[in-house]
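Trainee: sequence and predicted structure, then a few things I'm wondering about:
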Amino acid sequence: MEGLYSFIVLVILVGQWVLRKIIDVGEEEMRDTPVYKWYLLGSWALLIPILILVWTMDRSRPYPIWPFLLSVIFCFRGYMEWKYIRESRRHQVSFLLAAASLTFTGLMIFILLFRY
């Protein structure tokens, strides 16, 4: 299972880098908006449960909540980017990464149902 967790992180990191190269995201960033403080606050509020879960979970068993929480973070990020910097098209990258995380959530649920 540790290999699957590592693969998920690798897909997210490489996917984000590749998607930003494929989709022209432009120069505008969230830090250029007046809601950047709320964007950071919301991102940290969603990231802290994931960090706690990663440190406390048994990596030999599938935990579908982990990639699901990642997809929630990417959906939040995508929504904020779509609402405030829509012309940059960064939201497309975030929503595609959220879809990838949801796919991994489904895979882990499938493994959990048929393996244990």
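Mentor: Received the coordinates, thanks.

Trainee: quick one: buried residues of the helix ranked longest in the chain?
Mentor: Secondary structure of the chain per DSSP state H: the longest helix is helix 90-115. Neighbour counts over helix 90-115 (16 or more other CB atoms under 10 Å) mark 90-98, 100-102, 104-105, 108 as buried. C-beta: built from backbone N, CA, C; applies to glycine.

Trainee: out of those residues, which one sits closest to residue 78?
Mentor: residue 94 (3.3 Å; CB to CB).

Trainee: from memory the closest one sits against residue 71, does it?
Mentor: No: using CB atoms under 8 Å, residue 94 and residue 71 do not qualify as a contacting pair, with a distance of 10.1 Å.

Trainee: give me the below-cutoff pLDDT ranges for the protein.
Mentor: Scanning the chain with the threshold set as pLDDT under 70 gives 116.

Trainee: what ranges do the strands span in it?
Mentor: Per DSSP state E, the chain carries no strands over any range.

Trainee: the longest helix of the chain packs against which elements?
Mentor: Counting contacts by 3 or more CB pairs under 8 Å, 6 or more residues apart in numbering; DSSP states H and E, helix 90-115 packs against helix 2-22, helix 65-84.

Trainee: winner for burial among these?
Mentor: helix 65-84 (a mean of 19; mean count of other CB atoms under 10 Å).

Trainee: what does it contact?
Mentor: For helix 65-84, contacts defined as CB atoms under 8 Å, 6 or more residues apart in numbering pick out 5, 8, 12, 30, 33, 35, 39, 42-43, 46-47, 49-50, 53-54, 57, 88, 90-95, 97-99, 101-102, 104-105, 108.

Trainee: could I have it exported to CSV, CA atoms only?
Mentor: What follows is helix 65-84, C-alpha atoms only, in CSV (Å, rounded to 0.1, in the frame of the first residue of the first chain):
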residue,chain,number,x,y,z
ILE,A,65,-10.3,9.5,3.0
TRP,A,66,-6.8,10.6,2.2
PRO,A,67,-7.2,11.1,-1.5
PHE,A,68,-10.7,12.4,-1.0
LEU,A,69,-9.4,15.2,1.3
LEU,A,70,-6.8,16.0,-1.4
SER,A,71,-9.6,16.3,-3.9
VAL,A,72,-11.5,18.7,-1.5
ILE,A,73,-8.3,20.9,-1.4
PHE,A,74,-8.0,20.9,-5.1
CYS,A,75,-11.7,21.7,-5.5
PHE,A,76,-11.4,24.6,-3.1
ARG,A,77,-8.3,25.9,-4.9
GLY,A,78,-10.0,25.5,-8.2
TYR,A,79,-13.1,27.3,-7.1
MET,A,80,-11.1,30.2,-5.7
GLU,A,81,-9.1,30.4,-8.9
TRP,A,82,-12.2,30.2,-11.0
LYS,A,83,-13.9,32.9,-9.1
TYR,A,84,-11.1,35.4,-8.8
